[in-house]
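*Asks:* sharing a model prediction with you, sequence too.
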Amino acid sequence: MSTILDAETFLAIDVGSVNTRAGLFDVVDGRYRLVATSRASSTGGAPLFDISEGVRMALDQLRAITGRRLVDESEVLVMPSTRDGAGIDLLVATTSAGPKMRTVLVGLMPGISGESARRLAVSAYLKVVAEIGLMDRRREEEQIDLILASRPDLILVAGGTDGGASASVLSMVELASLAAGLMPEGQRPRIVYAGNRQLAASVVERFGDRIPVTLAPNLRPGLEEEDLGPARRHLAEVIAQTRAARVAGFDELARWSGGYLLPTADAFGRVVRYLSRVYDRTKGAFGVDLGASQTTIAAAFDGDLCLSVRTDLGLGSALPGLLKHCTLSKVTRWLPVDLEEDQVRDYLYNKWLNPGTLPTEPDDLHIEYALARQVIRSALFLARAGWPAVRGQHASAQMPPLEPIIASGGALSRAPRPGYAALVLLDALQPVGISTLVLDPYGLTPALGAAAGPLPMATVQVLESGSFVSLGTAVSVVGKGRLGRPVLRLRLDREDGGGSVEGVVRFGQLVVLPLSQGQHGRLTLRPERGFDVGFGGPGKAGALRVAGGAVGLIIDARGRPLQLSTDPVRRRESNQKWMWDIGGQT
């Protein structure tokens, strides 16, 4: 047997703020396949503050589903697997649960090391509460008071290229040391230094034995060079240690996993980065994970990953943060029915207090997915500020070409119909050109990212196994026009001999052509002048092989950027019609 299959059976556990998920994978016909999944309520919060209870409930469910014994009589994981079919060979784990670390950023230049520190912070589960830089106009005592008032769990210090600035970096380090030293023992923050590496010894000396310091690789080894990946890994270790000190069960999970315990966002980003290397390299790969306490946006361009974790945006305990980024009118614009803003606000705060609740009435369902759209849009807007200037796109302009687009999160996976989830993604992301919409219904993406280290073939094989749901290929027309104006002529020739479909698509329409999951066809597109479908510019025609999905082949001719009517009645009618057209409601 090849070394790739040395671990024939592996278990993946993801501990979230609301749910704890477990997935069991085994080798079937020489390839890794998902065997079963389970979900239990997470127990990392009050009153237990012990994630192990939620983990064991998820494992009990897996045993009930598969009949496979996973833990022994003393509640210890059976590993490696036994001849009688009990246990597993490997466990990988991811987590997004636990308190968010209050963080103060200390950098030198606002647009250089300070910006790199900010990008690092938003790629992890940190809550930035204050920022201090070399150009800060506040007096030193005021800066120290700011740090003390912020009550940070972590101070992240960055600045200076390798072999570059030293005196200015050490002055900022001295400031952080003075502030941390004034805090009561037991409440002093952790320090992560990710600056000029030649100063590492001096930095440790400044803090002495009073305050723990983690030395991470420089975020800015050169003036025009930024490398967040190595520092992110060191930061993940600090976050894990802090969580383990506050919430029981993390140490046990780390032992079970043999060190393969990753932040959920990091593992999610690994898969998106991999997809960017195996799909069309002229496009980027994109992923969104809509959680209760955070929203993760991952975009990768030819292997270059941009990761953003917004702990102030989510569809549960983080919902109030949405109102800091937009007004309620931004939410209600997505509703297909007439509801008062007060009703939407009440639902928002009830969801905040009870993040595990599910919508039971049609109005609640509409509010839930209107909130989902706006949470994703707000998180995307903030994340795009950190994307590189690819394809000549500006952060405020339309999206760059993306292939594929993968979406995860409980709200999306439990959408009443696949078309509902597809419409949420099209409205929230507004992709351009030709993209494949993929739904992760079991939350497997972080698991596969964590497994990519010890079992790289598992990630590849499970991604190809059908455990993910293709919603379909989406053709998004870029351009503006008059409602009802012809913008595109198309022809779809099915490969299975099912005949051809021809037609004209008009501006404002959302058209779905029948092409089921597993089916393929040849699609010919002839856009009118001024409209771009992804063949190199406005008016350019082309043909390509397309794959079907749970929704079908989607033609989105609503234009980019999507302009919703300012008239409330017409806007609601349009939302309702688009939902019908895409099969989100019957």
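*Replies:* Ah, there it is.

*Asks:* tell me the phi and psi of Gly160?
*Replies:* Per-residue torsions, Gly160: phi 80, psi 130 (degrees, to the nearest 10).

*Asks:* separation between it and Ser168?
*Replies:* Distance, Gly160 to Ser168, using Cβ to Cβ, to the nearest Å: 7 Å. Every residue, glycine included, has its C-beta placed from N, CA and C.

*Asks:* which neighbours do these two share?
*Replies:* By Cβ atoms under 8 Å, 6 or more residues apart in numbering, Gly160 and Ser168 have these common neighbours: Leu108.

*Asks:* neighbour-wise, which of those two wins?
*Replies:* Gly160 (26 against 15; other Cβ atoms under 10 Å).

*Asks:* just give the nearest non-adjacent residue to that one, would you?
*Replies:* In this structure, Gly160 finds its nearest non-sequential neighbour in Asn196, 3.3 Å apart by Cβ to Cβ, 6 or more residues apart in numbering.

*Asks:* okay, now the one you found: neighbour count?
*Replies:* 26.

*Asks:* just Arg529 next, same as before
*Replies:* Arg529: 8 neighbours (other Cβ under 10 Å).

*Asks:* identify the residues contacting it.
*Replies:* 538-539.

*Asks:* isn't Phe49 right next to Val247, touching?
*Replies:* Yes: the pair Phe49 / Val247 is scored as a contact, 5.2 Å apart, by Cβ atoms under 8 Å.

*Asks:* give me the more crowded residue out of the two.
*Replies:* Val247 (22 against 15).

*Asks:* contacting residues for the more buried one?
*Replies:* Contacts of Val247 by Cβ under 8 Å, 6+ apart are 44, 49-51, 97-99.

*Asks:* let's go with 6 Å and repeat that
*Replies:* Going by Cβ atoms under 6 Å, 6 or more residues apart in numbering, Val247 touches 44, 49, 98.

*Asks:* who are the packing partners of the longest helix anywhere in the chain?
*Replies:* Secondary structure of the chain per DSSP state H: the longest helix is helix 362-384. In terms of contacts (3 or more Cβ pairs under 6 Å, 6 or more residues apart in numbering; DSSP states H and E), helix 362-384 is packed against strand 295-301, helix 328-332, helix 418-429.

*Asks:* distance between that helix and the chain's centre?
*Replies:* When distances are taken as Cα atoms, centre = their mean, to the nearest Å, helix 362-384 is centred 14 Å away from the chain's centroid.

*Asks:* now whatever helix or strand comes next after it against helix 362-384, angle please.
*Replies:* Sequence order places strand 402-408 as the next helix or strand after helix 362-384, per DSSP states H and E. Between strand 402-408 and helix 362-384, the angle formed by their directions is 130 degrees, by axes from the mean of the first three to the mean of the last three Cα atoms, to 10 degrees.

*Asks:* strand 402-408 pairs with which strands?
*Replies:* Here strand 402-408 is paired, per DSSP bridges, with strand 284-290 (parallel), strand 433-440 (parallel).

*Asks:* list phi and psi for Gln61.
*Replies:* Per degrees, to the nearest 10, the backbone of Gln61 is at phi -70, psi -40.

*Asks:* how far away is it from Leu483?
*Replies:* Per Cβ to Cβ, Gln61 is found 50 Å from Leu483.

*Asks:* compare those two (neighbour count), which wins?
*Replies:* More crowded of Gln61 and Leu483, by other Cβ under 10 Å: Gln61, with 16 against 12.

*Asks:* nearest residue to the more buried one other than its sequence neighbours?
*Replies:* Of all residues not flanking Gln61 in the chain, Ser38 sits nearest, at 3.5 Å (Cβ to Cβ, 6+ apart).

*Asks:* swap in Arg277?
*Replies:* In this structure, Arg277 finds its nearest non-sequential neighbour in Gly303, 5.1 Å apart by Cβ to Cβ, 6+ apart.

*Asks:* could you list the domains of the protein?
*Replies:* The chain is divided into the following domains under automatic domain parsing: 3-95, 101-246, 265-581.

*Asks:* out of the strands paired with strand 402-408, which one sits most buried?
*Replies:* Comparing those by mean neighbour count (mean count of other Cβ atoms under 10 Å), strand 284-290 comes out on top with a mean of 27.

*Asks:* could you give the angle of that strand to helix 418-429?
*Replies:* Using the same axes, to 10 degrees, one finds that strand 284-290 and helix 418-429 are set 110 degrees apart in direction.
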